[in-house]
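Trainee: Sequence and computational prediction follow.
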Amino acid sequence: MTAQQPLGTPFTAASTAADVLDGLDLTGRETVVTGGHGRLGREVTRALAAAGATVTVAARDPRRAAAAVDGIEGVRVEQLDLTEPASVDAFARRRLASGRPLHTLVNNAAVLFSPDPLRDARGHELQFSTSHLGHFRLTRALLPALLATPGARVVTVTSGAARLGEIRWDDPDFTSGYDPGAAYCQAKLANVLFTVELDRRYADQDVRAFAAHPGVVVGPGPFTPEEAAGYRAQGLVDDEGRTVIDPEAGKKTIEQGAATLVLGAASPLLNGHGGVYLKDSDIAELDDEVRPLTADSIPSDASTAMLDPAAARRLWTLSEQLDA
């Protein structure tokens, strides 16, 4: 029997982060959220803090992050650049030296894809570097704190685009034939495969891992003409430039998008589970049907390929080599 089966939680695609955390007391629970100051990350930070958690927002620009979370009690901000190994290591050293527990790590930070290839200082394609390699290094560096905290969790934010992803095993950095959409889908698939292997390695030591798809979260605007045109083509913005909200079709508000992330981060409904892909505040259905992407339909259920344990182990080995 596969672990990738819905639990039948009381939540829906329209549930918000506040709905998922309603009635939970997270006092004393320590959480790190990368990019926890921007849009979706800020709502995750706000919701967890409102339930009593202490949240460390890890951000490349601490001053900007501090301004974004100003007024949210129980939040601290620390510097972290996921594309710089020295920055990742320094963050982890500070965290471990503090002696504080780490109940949940939310690997949320990402970069939007660019029509032209962007690279970090080591030459890695920037989406893969930020979304996957940086979080791969950070998670491993923080393992001592996670392993020392009973019931610790790692939540890595992915996307339904993982269904369309392929790992370019011989050229993950797109040194030739760069395609921004393919690079994005590769990074999001890597998030899921990383989750599968992380959970396999550490579930018996009480560290569980989840990959969480928030849905398609757009806005609020205003949008540039180019952004608006692209969003209209995807059915995400109407002719008046207003964001289209249709949770059942995967088009969500920020509050709705954050719901699945906080479910992974803190809900007791997931106790005893791990190595799975979440959507709509539940474990997602496993669906291997080929479903086209249209403006009215955004396929985002789990597929067997996304969860392939052999590919997950292979990616872990490749990531160790790339991050050496």
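Mentor: Arrived safely, thanks for sending. Numbering: from 1, shown residues only.

Trainee: Check the protein for its longest helix and report it.
Mentor: helix 180-202 (DSSP state H).

Trainee: residue ranges for the strands of the stretch 151-300 of the chain, please.
Mentor: 152-157, 207-213, 216-217, 251-252, 276-279, 282-283 (DSSP state E, counting those that start in this stretch).

Trainee: May I have the first one exported as CSV, CA atoms only?
Mentor: Taking Å, rounded to 0.1, in the frame of the first residue of the first chain, the C-alpha atoms of strand 152-157 are listed here in CSV:
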residue,chain,number,x,y,z
ALA,A,152,10.6,17.3,13.9
ARG,A,153,9.5,18.0,10.3
VAL,A,154,10.9,19.3,7.1
VAL,A,155,8.4,20.9,4.7
THR,A,156,9.7,21.7,1.2
VAL,A,157,7.5,23.9,-1.0
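
Trainee: quick one: that strand to helix 180-202, angle?
Mentor: 170 degrees (axes from the mean of the first three to the mean of the last three CA atoms, to 10 degrees).

Trainee: so for strand 152-157, what's the average pLDDT?
Mentor: Averaging pLDDT along strand 152-157 yields 98.

Trainee: and it, what other elements does it pack with?
Mentor: Using 3 or more CB pairs under 8 Å, 6 or more residues apart in numbering; DSSP states H and E as the contact test, the elements touching strand 152-157 are strand 104-107, helix 143-147, helix 180-202, strand 207-213, helix 254-266. All C-beta atoms are positioned from the backbone trio N, CA, C, and that covers glycine.

Trainee: want to throw the ones you listed into TSV with mean neighbour count?
Mentor: Formatted as TSV, these follow (neighbours: other CB atoms under 10 Å):
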stretch	mean neighbour count
strand 104-107	28
helix 143-147	19
helix 180-202	23
strand 207-213	28
helix 254-266	27
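
Trainee: so who does G8 touch?
Mentor: Applying CB atoms under 8 Å, 6 or more residues apart in numbering, we find G8 in contact with D282.

Trainee: Same check on T2?
Mentor: T2 neighbours (CB under 8 Å, 6+ apart): L286.

Trainee: how much space is there between it and L307?
Mentor: Using CB to CB, to the nearest Å, we find T2 at a distance of 8 Å from L307.

Trainee: what's next to the helix or strand that contains L40, contact-wise?
Mentor: Per DSSP states H and E: L40 is located in helix 39-50. Residues from elsewhere that reach helix 39-50 (CB under 8 Å, 6+ apart): 17-18, 20-21, 26, 29, 31, 33-37, 55, 57, 68-69, 72-75, 106, 108-109, 157, 214, 217, 254-255, 257-258, 261-262, 265-266.

Trainee: how many neighbours does the residue nearest to D89 when sequence neighbours are not counted have?
Mentor: Sequence neighbours aside, A141 is the residue nearest to D89 in space, at 6.2 Å (criterion: CB to CB, 6 or more residues apart in numbering). Residues near A141, counting by other CB atoms under 10 Å, number 18.

Trainee: What ranges does the stretch 51-200 of the chain have for its helices?
Mentor: 62-68, 85-98, 126-127, 134-141, 143-147, 180-202 (DSSP state H, counting those that start in this stretch).

Trainee: Next up, the contacts around A258.
Mentor: Applying CB under 8 Å, 6+ apart, the residues near A258 are T16, A17, L40, E43, V44, A47, P214.

Trainee: Kindly reformat those residues as CSV and extend each row with distance to G165, pLDDT and neighbour count.
Mentor: Output for these, formatted as CSV (distance: CB to CB, whole Å; pLDDT from 0 to 100; neighbours: other CB atoms under 10 Å):
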residue, distance to G165, pLDDT, neighbour count
T16, 28, 98, 22
A17, 26, 98, 28
L40, 20, 96, 22
E43, 25, 97, 25
V44, 23, 98, 31
A47, 28, 98, 26
P214, 17, 97, 26
